[in-house]
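Enquirer: sequence and computational prediction follow.
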Amino acid sequence: MKTAEIRELSTKELRERVAAEVASYNQKKINHSISPLDNPSQIKLQRKLIARMKTELRQRELNNK
C-alpha cells in the first residue's frame, strides 16, 4: 500500500487497518520463529507499512489540534 492510498482512507478505516496489520505482523513473527517463512523480508515490509499508517494517523492528530 502506497502513501497516497493510505491518505485516501478515513481515520476510522486507517485505525482498523493498523490494528489488523499489527495482528498479522505479530502472527507472522510467531510463525517465522517456529518454522522459517519462504520470504522473511515480508516481515520487514509489513513493519514499514505499519509505520507509514501510524505516521499518517499522527499527522492527522496534530493537524486537528
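Expert: Looks like it arrived, so ask away.

Enquirer: C-alpha from now on. contacts and neighbour counts both.
Expert: Will do.

Enquirer: apart from its chain neighbours, what residue comes closest to the residue nearest the centre of the chain?
Expert: Centroid-nearest residue in the chain, with Cα atoms, centre = their mean: Ile50, separated by 2.2 Å. Closest residue in space to Ile50, ignoring its immediate chain neighbours: Val18 at 6.2 Å, by Cα to Cα, 6 or more residues apart in numbering.

Enquirer: what residues sit buried inside the helix or strand in which the one you found is found?
Expert: Secondary structure from DSSP states H and E places Val18 in helix 11-34. Within helix 11-34, the residues scored as buried using 16 or more other Cα atoms under 10 Å are 14, 17-18, 21, 25, 28.

Enquirer: ok, now stretch 54-65?
Expert: Across stretch 54-65, burial judged by 16+ other Cα under 10 Å covers 56-57.

Enquirer: check what contacts it and list those residues.
Expert: 6-7, 11, 14-15, 18 (Cα atoms under 8 Å, 6 or more residues apart in numbering).

Enquirer: in a markdown table: the residues you listed, plus distance to His32 and pLDDT.
Expert: Output for the contacts of stretch 54-65, formatted as a markdown table (distance: Cα to Cα, whole Å; pLDDT from 0 to 100):
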| residue | distance to His32 | pLDDT |
| --- | --- | --- |
| Ile6 | 27 | 94 |
| Arg7 | 31 | 94 |
| Thr11 | 31 | 95 |
| Leu14 | 26 | 97 |
| Arg15 | 26 | 97 |
| Val18 | 21 | 97 |
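
Enquirer: can you tell me the element the residue nearest to the centre of the chain falls in?
Expert: Per DSSP H and E, Ile50 falls inside helix 41-64.

Enquirer: dump that helix to CSV, restricted to CA.
Expert: The C-alpha trace of helix 41-64 is given here as CSV (Å, rounded to 0.1, in the frame of the first residue of the first chain):
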residue,chain,number,x,y,z
SER,A,41,11.5,-9.9,4.0
GLN,A,42,7.7,-9.7,4.2
ILE,A,43,8.1,-9.1,7.9
LYS,A,44,10.2,-6.0,7.3
LEU,A,45,7.9,-4.7,4.6
GLN,A,46,4.9,-5.1,6.9
ARG,A,47,6.6,-3.3,9.7
LYS,A,48,7.3,-0.4,7.4
LEU,A,49,3.7,-0.4,6.2
ILE,A,50,2.5,-0.2,9.8
ALA,A,51,4.9,2.7,10.5
ARG,A,52,3.6,4.6,7.4
MET,A,53,0.0,4.2,8.6
LYS,A,54,0.8,5.2,12.2
THR,A,55,2.7,8.3,10.8
GLU,A,56,-0.4,9.3,8.8
LEU,A,57,-2.6,8.9,11.9
ARG,A,58,-0.2,11.0,14.0
GLN,A,59,-0.1,13.8,11.3
ARG,A,60,-3.9,13.9,11.3
GLU,A,61,-4.0,14.1,15.0
LEU,A,62,-1.6,17.0,15.1
ASN,A,63,-3.4,18.8,12.3
ASN,A,64,-6.7,18.7,14.2
